[in-house]
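Asks: Okay, predicted coordinates and the sequence, questions at the end:
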Amino acid sequence: MFRAYRRFEEWASNLSRGVYAALSGALTGGCTFAIGALFRYEPLLAQAPLLAVTMFAVSYVFDIRRFEA
């Protein structure tokens, strides 16, 4: 499992700033939408697109990849 995470992290670090932000926004919105659909929770379904746009904007503006853990 740890090896798969390392490979993903290495692959993601080579993406451009915009692509990385779009990918993080899409994954965040998609997962939020899927959980809302799974539990049939309508407010979460409505919030998923807004959360995706917000995650895209924050990831792009602050470029979270440049910070080391």
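Replies: Looks like it came in fine. Residues are numbered from 1 along each chain as shown.
Asks: what about the spatially most central residue of the chain, distance to residue 39?
Replies: Centrality entry for the chain: nearest residue to the mean C-alpha point is residue 24, 2.3 Å, by C-alpha atoms, centre = their mean. Separation of residue 24 from residue 39 (C-beta to C-beta, to the nearest Å): 23 Å. Using the backbone N, CA and C atoms, a C-beta is placed for each residue, glycine as well.
Asks: which residues of the chain fall in helices?
Replies: Using DSSP state H, the helices of the chain run over residues 2-13, 17-38, 42-62.
Asks: Next, the angle helix 17-38 makes with the helix or strand of the chain at the bottom of the mean pLDDT ranking.
Replies: For the chain, using mean pLDDT, DSSP states H and E, the weakest element among its helices and strands is helix 2-13, scoring a mean of 85. Angle, helix 2-13 to helix 17-38, by axes from the mean of the first three to the mean of the last three C-alpha atoms, to 10 degrees: 130 degrees.
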